[in-house]
Structures are given as structure tokens and as C-alpha cells.
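Q: Below is the structure, and that's it, no one-letter string:
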């Protein structure tokens, strides 16, 4: 779920991701990307906005980008999913 | 659901929104915003990407912005929901 400078949103509880974002900034990183695919996209936007407005007053939203990403499904077939990457930047 | 230059994504079938986006461009509009709140955000990203990659070869994604929007819930209380606005532009 966590790599330096990147949080991939999945099925864990909402607050886990808020904590993960906060931790990354407290390590001294200048930017963190909140990423998600498919149905988790709504949750990613919610995580980014709640982190910014309720927990991290010194962080703002930078570039938001969306894309279609190819991936291999559980059945081994090639599929395409929409994805989002939300840049959070330390002010 | 439809206002000129703006599609608000809700609970209707996916293809309704693809058709709505296509119609707007066929009217001659240069840009269309695909918007959504809360759980419909994932669907909005999917609509924008599928419209662009499968149906409208002359359209590209412009600015994507996210926000927290205040609104009145069914119980009359003030609530906040995350929202997205995806700009699609005629090339």
C-alpha cells in the first residue's frame, strides 16, 4: 500500500490512508501522490480532500491526472481500468 | 442531468452519460465538463476515459479538479462531499 511518496488506495479503512499520507509528509517529503484504480477512485479523492482540509493545513492539491491503465485480471486476461493520481504538495 | 457544457454523473446507466457527452460535442461545444460528487466520482472518471478513448477520437482530457463541496442532506443538515470536475476539450 505504501511506497515513498505514493499511497495506493485499496480496501483498507479510510483512516489508514489518512495516517499514511500524514506519515509521508512527516518524513519530510515535499509531495505525495494519492493513487487509485476503478471503484477506489472516489475514495482516493475523499482521502486527498479530508487529509488536506481536516488534518494537514500546510498541504494543498497540485495536479490531478486521470488515465486508462492496462492490467492483467485474475483470470489472466488483459483489461483496462481508469485510474487517478492526485498530487499533494507541502506549501 | 444535462446542462449545456456540463454532465452531472448520477445513478443512470453508464452509456446514458457517454451519449450525453457525445451529444454535447455534436452540438458544436468546444468543451464539456463531466462532474460528480461522492461515490459517483469513480464513474465520472470512467465516463470521461471511455468517451475519450472509445467514442470521441477528437477529444482530450483538459484540467481535472477536485474540491470539497457543502450541500444540504436529505435530513436538512449541512454536509460536505468531495467532488470532481473533468474538462473534456475538442482537439
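A: Now that the structure is in, tell me what you want to look at. Just so you know, these numbers come straight off a predicted model, no measurement behind them.
Q: Can you read off the backbone torsions of the spatially closest residue to residue A:29 that is not a sequence neighbour?
A: Closest residue to residue A:29 apart from its sequence neighbours, by CB to CB, 6 or more residues apart in numbering or on different chains: residue A:5 at 5.6 Å. From N, CA and C alone the C-beta is placed, and that goes for glycine too. Main-chain dihedrals, residue A:5, degrees, to the nearest 10: phi 80, psi 10.
Q: swap in residue A:90?
A: Main-chain dihedrals, residue A:90, degrees, to the nearest 10: phi -70, psi 130.
Q: Could you double-check that it lies in contact with residue A:27?
A: No: assessed by CB atoms under 8 Å, residue A:90 is found out of contact with residue A:27, at 11.2 Å.
Q: Neighbour count for the two, which is higher?
A: Taking other CB atoms under 10 Å in any protein chain shown, residue A:90 and residue A:27 do not tie; residue A:90 has more neighbours (13 against 10).
Q: Next to chain B, which bits of chain A? Give me the list.
A: Chain A comes close to chain B at residues A:38-42, A:45-46, A:48-50, A:53, A:61, A:64-68, A:82-84, A:86, as judged by CB under 8 Å from any CB of the partner chain.
Q: Pull out the buried residues from the residues you listed.
A: The neighbour count (16 or more other CB atoms under 10 Å in any protein chain shown) marks A:38, A:40-42, A:45-46, A:48-50, A:61, A:64, A:66, A:68, A:82-84, A:86 as buried among these.
Q: Pull the contacting residues for residue A:36.
A: Contacts for residue A:36 (CB atoms under 8 Å, 6 or more residues apart in numbering or on different chains) come out as A:8, A:9, A:10, A:43, A:44, A:83, A:84.
Q: List the contacts of the residue positioned nearest the centre of chain A.
A: Chain A has residue A:34 as the residue nearest its centroid, 1.7 Å off, counting by CA atoms, centre = their mean. Applying CB under 8 Å, 6+ apart to residue A:34 gives the contacts A:7, A:9, A:17, A:21, A:44, A:47, A:48, A:51, A:85, A:86, A:88.
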